[in-house]
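Engineer: Next one to model:
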Amino acid sequence: MSLRFRQSLKILPGLKLIISKRGLGLNLGVRGAHVTVNTQGQVTRSIGIPGTGLSDVKRTSLRKRKRGTSKEYEEVKEYENQIPKPQPKNTPSIFASKNEKLFFEALTAHEISSYKNLFSIPELELVSKSIAIQLAIQTNDGMKESIHWFEEIWKNKSDLANDKLFKKYVSQIIVVIPVAPGILFQTYLNIQALGLLYIEVLQQLKDLRKAKQIAEGLTADQISAISLCEIEVQLGEYDEVLSLTENIDNEDDSTAILLVFRAIALREKKLYEASREVSKESLKSKKRNPDILHKALFERAKTHKAEGNKAKAKSDLEKIIANDSDYPGVDELLKTL
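Structural biologist: Take a look at the predicted model:
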């Protein structure tokens, strides 16, 4: 979840060469639909709506994932492997203020120490922290430190949104945020994106009530709904989940994961048949992100177990193992059947 800018060299119409510290990549396609292959062994297919920040990204890797590693974190790191070190598109003019030049130097260096050096300058503290958190949250210690920065940013988010440096430089930064299993949200680093990142950190730190409070304050859209719904599942607020997920059809990855959350809520309310029906709908399309399909199977297996149908529960878990033998929780659940 670090800063990133796309930087590429056009070779032929529809074909670009991506150059970064981590290797080379080839990008084939047009804006809104393209395939990227890089020297790290990743193949990425991306389809999106230009100008919205919404996209559906599916990846395959030639490298086996290490056992015990967070899949959600690895997905983000795979995406980062294709993105060069930030290279700001705007540069300070010869008439730029000293503070702007200092900020630009820190942005170019892109090191957390460079940003921290600016925290003592009142005019630069907030905008510097809005970028420093992207680096800080990549480690456990940094995540704990960044929570205080998030609190300050959120308290003063209106000031930050109107900050000239934030609008000139930060608004061009692209972030990829893991919102829920199988859902990565690519967007510009605006206040909404900072809110989603704040929520992810709060969830990691188990402060779910605060996470829900932030989620409820975001601009209402499909991504914020997914984030809120996941938090309500974690809090056991199943009536709220059911209210949020009414009348949803399996149309894309976003609706599929919302259906999974609905199935969980129905199961926890002991409405097992209804839960299985919703799970069936969430699994209707095999084109969905594998993590969503596996999550749906895992939750349906728990429903089968709750009904006493161990054979069907085992069958669903074995379907997961066939594609991902390291899926978290599968081994433990199988031992109870």
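Engineer: In stretch 217-237, which residues are buried?
Structural biologist: 218, 223-233, 237 (16 or more other CB atoms under 10 Å). Glycine gets a C-beta too; all of them are placed from N, C-alpha and C.
Engineer: Same question for stretch 265-279.
Structural biologist: Buried residues in stretch 265-279 (16+ other CB under 10 Å): 265-268, 271-272, 274-276, 278-279.
Engineer: Save the residues you listed as TSV, and put in secondary structure and distance to L124 too.
Structural biologist: Formatted as TSV, the buried residues of stretch 265-279 follow (DSSP: H, G, I helix; E, B strand; the rest coil; distance: CB to CB, whole Å):
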residue	secondary structure	distance to L124
A265	helix	45
L266	helix	50
R267	helix	50
E268	helix	47
L271	coil	54
Y272	helix	56
A274	helix	54
S275	helix	51
R276	helix	55
V278	helix	49
S279	helix	50
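Engineer: Next, P92: secondary structure please.
Structural biologist: With DSSP: H, G, I helix; E, B strand; the rest coil as the basis, P92 sits in coil.
Engineer: before we move on, back to that, need the max-distance pair from the buried residues of stretch 217-237.
Structural biologist: Farthest-apart pair in the buried residues of stretch 217-237 is I223 and E237; separation 19.3 Å (CB to CB).
Engineer: And the helices in the stretch 51-200 of the chain?
Structural biologist: In the stretch 51-200 of the chain, the helices defined using DSSP state H, counting those that start in this stretch lie at 71-80, 98-109, 112-116, 122-136, 140-155, 157-161, 164-168, 191-204.
Engineer: quick one, which of those helices is nearest to K286?
Structural biologist: helix 71-80 (18.8 Å).
Engineer: quick one: A211 and K129, what's the gap?
Structural biologist: As judged by CB to CB, to the nearest Å, A211 and K129 stand 19 Å apart.
Engineer: again with P181
Structural biologist: Distance from P181 to K129, by CB to CB: 29 Å.
Engineer: repeat for L283
Structural biologist: 42 Å.
Engineer: How about L135?
Structural biologist: 11 Å.
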